[in-house]
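K.L.:
Generate coordinates for the sequence data below:
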Amino acid sequence: MESCRGSRKTELVHHRRLATREPARREITEYTEIFCNRIRKQARLGHTHILFMKGWRVMLPVTPLLSVFMPVYNGADYVREALESVIDNGFSDLEIVVVDDASVDNTVRVVESIRHPALRLFRNTTNLGIGRVRQRGITLLRGQFAALLDHDDIAVAGRFERQVARLETPDGPDIVGGSIERFGNNDRPGIVRYPASDAAIKGMMLFTSPIINPTACMKLAPFRAGRIDYSPDLRVGEDYTLWVDAMRAGLRFENLDTVVTRYRRHAASCTATDYDSVVAQMHVIRGHVAETYFPELSRRGCAALANALSSRVSDRQSWIDSVCALAHAAMLSHAVPGIDASEMTNRLAKQLITFITRGLLVGVADYDTVEAITDSDSNFERWRAMDRGALDVRIMEFFG
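P.N.:
Numbers count the residues shown, from 1 in each chain. Below you'll find the model as predicted:
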């Protein structure tokens, strides 16, 4: 009985203490969000911040604002320089997640030799391929935003601060890229810029990837909500496919006009070692975009358009079908929501000249054939009227 009374007394004291502390608990809950937003602008104490409030000492775990994600396979020659460009970038509220896809060189040893509290290394026991690595890697990220960087590229100083600032803007993009500076073993060094606006980027998506993968910084919320994800079975073109899926999901894009990444070209890169697969996958993706943008086109028409965009010619009739598909797409472009139609039409006109050139090179076309198509096809007539003869000028200048 005494023990029971003692237990009852202890319980009553416990409830009184809880009642006394409840206002303070509510106050802490109320101010936690404000605190977490402000704490990022103050000096950081590792991954844990200490808050003193009305006699309470509260340990608040703060997740990083940015997760820099770097997949790597046999990247021992370049990965240190890539990681150092992240560490020295001038942005401290981050984690660096490296996923090694069963490298057989000294990649892991190089990464482990870099001592930094933000660096996290994960190792695959078997080679999964880039699609599965990216899909898995996204699930490992703890930040609000994810910045992508390949193991052989270099993040330009200040990149992350500029991109995160855009993502945090209330009316800003969901995915932001930027310009690149090509360097290394290639014959086309220099700066390459990409369309800046959401409408122009989505217009370019019909032709090629409008966001260069190692320049991308994006919100992780759409991944966590199941709106987008990487395609695990792809070993090339997984980034281009992701941008198309993001477009279909209604996400917004932007490219900064400044260089954010130095893009290394070398003989061991995926593009160089598996170029045919890259070209083939880009052709498939263009077909998917054509089906999305131009539902009025038949399946055969979308396939013909994809052939034209990829400069594929099998015979004379397929070439003619593809030329006509280009004109049809140009006339339908103004009905595609959310794109810069004039920019798309201009790109289609340039591709028409490229595809005519291709037809001449393989011997399935000549000037008379081109003239017959452009004079008889109704879409060419409408195109001619819309641009006041500019298309005819381009074609005539091409033939001299």
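K.L.:
any idea which element Ala290 lies in?
P.N.:
Using DSSP states H and E, Ala290 falls within helix 275-293.
K.L.:
Identify the residues contacting that helix?
P.N.:
By C-beta atoms under 8 Å, 6 or more residues apart in numbering, the surrounding residues in contact with helix 275-293 are 205-209, 234-237, 240-241, 244, 247-248, 270-271, 297, 299, 302-303, 305-307, 309-310, 312, 329, 332-333, 336, 339. For every residue, glycine as well, the C-beta is placed using N, CA and C.
K.L.:
Likewise for stretch 123-131?
P.N.:
Contact with stretch 123-131 is made by 71, 73, 99-102, 108, 133, 136, 230-236, 238, 270, as judged by C-beta under 8 Å, 6+ apart.
K.L.:
List the buried residues of that stretch.
P.N.:
Buried residues in stretch 123-131, counted by 16 or more other C-beta atoms under 10 Å: 124, 128-131.
K.L.:
what does stretch 354-370 give?
P.N.:
355-356, 358-360, 364-365, 369-370.
K.L.:
Report all helices and strands that the host helix or strand of Ala146 contacts.
P.N.:
Using DSSP H and E, Ala146 sits within strand 145-148. Helices and strands touching strand 145-148, by 3 or more C-beta pairs under 8 Å, 6 or more residues apart in numbering; DSSP states H and E, are strand 66-72, helix 159-168, strand 217-219.
K.L.:
would you turn the ones you listed into JSON lines with mean neighbour count, distance to Ala390 and mean pLDDT?
P.N.:
JSON lines is the format used below for the helices and strands packed on strand 145-148 (neighbours: other C-beta atoms under 10 Å; distance: least, C-beta to C-beta, whole Å; pLDDT from 0 to 100):
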{"stretch": "strand 66-72", "mean neighbour count": "25", "distance to Ala390": "44", "mean pLDDT": "98"}
{"stretch": "helix 159-168", "mean neighbour count": "19", "distance to Ala390": "35", "mean pLDDT": "98"}
{"stretch": "strand 217-219", "mean neighbour count": "24", "distance to Ala390": "37", "mean pLDDT": "98"}
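K.L.:
can you redo the ones you listed as TSV with distance to Arg80?
P.N.:
Shown next, in TSV, are the helices and strands packed on strand 145-148 (distance: least, C-beta to C-beta, whole Å):
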stretch	distance to Arg80
strand 66-72	11
helix 159-168	18
strand 217-219	22
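K.L.:
tell me the mean pLDDT over the strand ranked longest in the chain?
P.N.:
Using DSSP state E, we find that the single longest strand of the chain is strand 253-265. Averaged across strand 253-265, the pLDDT comes to 96.
K.L.:
what's the angle from that strand to helix 159-168?
P.N.:
Between strand 253-265 and helix 159-168, the angle comes out at 160 degrees (axes from the mean of the first three to the mean of the last three C-alpha atoms, to 10 degrees).
K.L.:
What helices and strands are in contact with strand 253-265?
P.N.:
Packing partners of strand 253-265 (3+ C-beta pairs under 8 Å, 6+ apart): strand 154-155, helix 159-168, strand 175-184, helix 198-204, helix 238-248.
K.L.:
and stretch 217-231, which residues are buried?
P.N.:
Buried-residue list, stretch 217-231, by 16+ other C-beta under 10 Å: 217-220, 222-223, 228, 230.
K.L.:
Contacts for that stretch, please.
P.N.:
By C-beta under 8 Å, 6+ apart, the surrounding residues in contact with stretch 217-231 are 66-67, 131, 134-135, 138, 141, 143-148, 159-160, 163-164, 167, 174-177, 238, 241-242, 245-246, 249, 251.
K.L.:
what does the domain assignment say about this protein?
P.N.:
Per automatic domain parsing, the structural domains of the chain span 2-61, 66-267, 294-399.
K.L.:
Those domains into TSV, with extra columns for distance to Val278?
P.N.:
Output for these, formatted as TSV (distance: least, C-beta to C-beta, whole Å):
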stretch	distance to Val278
domain 2-61	39
domain 66-267	5
domain 294-399	12
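K.L.:
Tell me which residues touch the closest residue to Asn213 other than its chain neighbours, please.
P.N.:
In space, and not counting its chain neighbours, Asn213 is closest to Asp239: 3.9 Å by C-beta to C-beta, 6 or more residues apart in numbering. The contact partners of Asp239, by C-beta under 8 Å, 6+ apart, come to 148, 209, 211, 213, 216.
K.L.:
Please check those and keep the buried ones.
P.N.:
Counted by 16+ other C-beta under 10 Å, the contacts of Asp239 give 148, 209, 211, 213, 216 as buried.
K.L.:
Of the residues you listed, which is the nearest to Tyr263?
P.N.:
The closest of the buried ones among the contacts of Asp239 to Tyr263 turns out to be Asn213 (C-beta to C-beta; 9.5 Å).
K.L.:
lowest average confidence, helix or strand, in this structure?
P.N.:
Scoring the helices and strands of the chain by mean pLDDT, DSSP states H and E places strand 48-53 at the bottom, with a mean of 38.
K.L.:
Please determine how far Gly129 is located from Gly250.
P.N.:
From Gly129 across to Gly250, the span is 29 Å (C-beta to C-beta, to the nearest Å).
K.L.:
Please flag which of the contacts of helix 275-293 sit within helices.
P.N.:
Per DSSP state H, helices hold the following members of the contacts of helix 275-293: 240-241, 244, 247-248, 270-271, 299, 302-303, 305-307, 309, 329, 332.
K.L.:
Need the max-distance pair from those residues.
P.N.:
Maximum distance among the ones in helices among the contacts of helix 275-293 (C-beta to C-beta): 34.0 Å, for Cys270 and Leu332.
K.L.:
neighbour count winner among these two?
P.N.:
Each of Cys270 and Leu332 has its neighbours counted (other C-beta atoms under 10 Å); Leu332 has more, 18 against 15.
K.L.:
what's that one in contact with, if anything?
P.N.:
293-294, 296-297.
K.L.:
And for Ile201?
P.N.:
194-195, 210-211, 253-255.
K.L.:
Kindly recompute the last result at 6 Å.
P.N.:
Ile201 is in contact with 195, 210, 253, counting by C-beta atoms under 6 Å, 6 or more residues apart in numbering.
K.L.:
next one: Ala349
P.N.:
Leu391.
K.L.:
Would you confirm that Leu305 contacts Val323?
P.N.:
No: using C-beta atoms under 6 Å, Leu305 is not in contact with Val323, being 10.2 Å away.
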